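Chemist: compute the structure for the input listed below.
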Amino acid sequence: MSHQSDLIGTDIHAYLAQHERKELLRLLTCGSVDDGKSTLIGRLLHDSQMIYEDQLSAVRRDSVKSGTTGGELDLALLVDGLQAEREQGITIDVAYRYFSTTQRKFIIADTPGHEQYTRNMATGASTCDLAIILIDARYGVQVQTRRHSYIVSLLGIRHVLVAINKMDLVDHSEAVFDRIRADYLAFADKLELHDVRFIPISALNGDNVVHRSAAMPWYGGPSLIELLNTLEIAQDRNFDDPRFPVQYVNRPHLDFRGYSGTVAAGVFRPGDPVLVLPAKTRSRIQSIVTYDGELEAAFPPQAVTLTLEDEIDVSRGDLLVHPDRLPYLDSRFEAHVVWMTEAPLIPGKQYLLKHATRTLSGSVAAIRHRIDVNTLERHPAGQLNLNEIGLCELALSAPLAFDPYARCKGTGAFIVIDRLTNVTVGAGMIAGPVQGETGFRKVTAEERAARFGQKAVTVWLTGPQRHEMAYRLERALFDIGHPATVLEDEGFGAELIRAAQLVNHAGLICLCPLMHADFGAGEGRLMLSVEGRDVADLIEDLRRQGVLS
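Modeler: Here you go, the predicted model:
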């Protein structure tokens, strides 16, 4: 909803044009459970007259049924939209609200406070310019406060507004405010937070939210909405490193060929030299085309179409950069990864990685450490579980042009996608190229097996048709992308086991038709009878036993 204005009743087109020119500020609210995040957003909307009458009537009705204010108007219900949220009195999903003032447009992300919803919080924070971290004045800095502050720092949010809420419950005490401020700053010194400000508020009563409060005369600063209206964010964007990920090749007719996308960083002008990565071909910008006409310059986050002076090969996923401001170009890099699904992140397993407009296959070659976001301690880890964050080394199938996330979000962020389900399972922020080595690492058996999507095991085949079925099974597995090889048992006993182990170390399934069943099953070995069975049945058996993914 937009800011109410008399202009809307007289000239709707002028009003829309005025609204379009307003600067957009994206912000999120976060903090511990029950610190009042949803109530604060509700108060902002209510006191800014951003609520329709039917919405207000519905909230009054729901306040009696689901509210937490004893039948009084519960402003948190304006944001807690899910039935489960209203029943439990908590935020689960990320809720977005839109409003504006005479100076600015806002998108607010209300993120969950519970630890098990860390992935939701990271999702809501990924595009924000400002984070409002709420702290309950009764309890001070809590575990979740530290967790969310770390994620805010990790996601590169430059401005942090610490709102110490529920000041009415501590008699509007300046001493309490000063103590919490000192405690938070002691923790924030360990993080890369560039601009931290503090404000005492009562979201329930509206103190210092939209209007300054007479209950706290010792606070001489602006109200929350005044801070939001005046915060300088224009210089937060990277205007030094031109980056243009190509999203679409625009070819409406034979006489026009352009490259459409959104400027991720820097400034592009007609006549500027550009380098196309990863191909490393060169050209110059001929024109910058938009629906409203050609531009003299394009800068983030404008969506434009660039035409080039030369007919060169440029495709979706390519990156246009300035030849003097180059990103890294490598197939390996280090990144902080937030894991977002129940199935753990396993090194060596193949995933899809979507970076800007390009999608590549790759894997996590190693997990350097897992970060305890409550204490900032680093721990060794063999995998990452749901909501965990770790510094990982990633290995891709082809070189990728990238920047550190702190330098350019648009070319420093990526998502991890499960190849089978196409579900987003992780989000990453690139730290930089691999440190302390050239990027060379020996290929492990686990990496080979993960690349092939299978467990490298030895399958003992028994039965009268074992030899023929072994080769039929080898062919069937190969045809569906699971490499295997057959080792014949001609009486060399223990040597067969050693040879099978070498095959498994190469990441392959080893099929051994046994003359007799002296070896039996064991670790890394399965026993299958082929008698009366076909190849499809054997493959299904391997799937059931987890050999094939």
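
Chemist: alpha carbons only for contacts and neighbour counts from here, please
Modeler: Noted.

Chemist: CA-only coordinates of stretch 377-391 in CSV, if you can.
Modeler: The C-alpha trace of stretch 377-391 is given here as CSV (Å, rounded to 0.1, in the frame of the first residue of the first chain):
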residue,chain,number,x,y,z
GLU,A,377,33.5,-20.7,17.4
ARG,A,378,34.7,-22.9,14.5
HIS,A,379,34.3,-26.7,14.6
PRO,A,380,35.4,-29.4,12.2
ALA,A,381,32.6,-31.0,10.3
GLY,A,382,32.1,-33.9,7.9
GLN,A,383,28.7,-32.6,6.8
LEU,A,384,26.3,-29.7,7.2
ASN,A,385,22.8,-30.3,8.7
LEU,A,386,19.7,-28.2,8.4
ASN,A,387,20.2,-24.5,9.4
GLU,A,388,23.9,-25.0,9.9
ILE,A,389,26.5,-22.6,8.4
GLY,A,390,30.0,-23.6,7.2
LEU,A,391,32.9,-22.4,5.2
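
Chemist: pull out the buried residues from that stretch.
Modeler: 383-391 (16 or more other CA atoms under 10 Å).

Chemist: again with stretch 494-507
Modeler: Applying a neighbour-count criterion of 16+ other CA under 10 Å, the buried positions in stretch 494-507 are 496-497, 500-501, 503-507.

Chemist: which residues touch the spatially closest residue to Arg269 that is not a sequence neighbour?
Modeler: Closest residue to Arg269 apart from its sequence neighbours, by CA to CA, 6 or more residues apart in numbering: Ala297 at 4.6 Å. For Ala297, the contacting residues are 267-270, 288, taking CA atoms under 8 Å, 6 or more residues apart in numbering as the criterion.

Chemist: most neighbours, which of those residues?
Modeler: Within the contacts of Ala297, most neighbours by other CA atoms under 10 Å means Phe268, with 28 neighbours.

Chemist: quick check: bridge partners of it?
Modeler: Beta-bridge partners for Phe268, by DSSP bridges, are Ala298.

Chemist: what sits against it?
Modeler: Taking CA under 8 Å, 6+ apart as the contact definition, Phe268 lies against 242, 297-299.

Chemist: could you pull out the strands in the stretch 51-200 of the chain for me?
Modeler: Counting by DSSP state E, counting those that start in this stretch, the stretch 51-200 of the chain has strands at residues 95-100, 104-110, 130-136, 159-165, 195-200.

Chemist: strands paired with the third one, and their directions?
Modeler: Each strand paired with strand 130-136, and its direction, by DSSP bridges: strand 23-31 (parallel), strand 159-165 (parallel).

Chemist: just those: most buried one?
Modeler: Among the strands paired with strand 130-136, strand 159-165 has the highest mean neighbour count (mean count of other CA atoms under 10 Å), at a mean of 24.

Chemist: can I get the CA coordinates of that strand in PDB?
Modeler: What follows is strand 159-165, C-alpha atoms only, in PDB (Å, rounded to 0.1, in the frame of the first residue of the first chain):
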ATOM      1  CA  HIS A 159      23.200  -0.900   8.400                       C
ATOM      2  CA  VAL A 160      21.900  -2.200  11.700                       C
ATOM      3  CA  LEU A 161      19.400  -0.500  13.900                       C
ATOM      4  CA  VAL A 162      19.200  -2.100  17.300                       C
ATOM      5  CA  ALA A 163      15.700  -1.400  18.700                       C
ATOM      6  CA  ILE A 164      15.500  -2.000  22.400                       C
ATOM      7  CA  ASN A 165      11.800  -2.900  22.800                       C
END
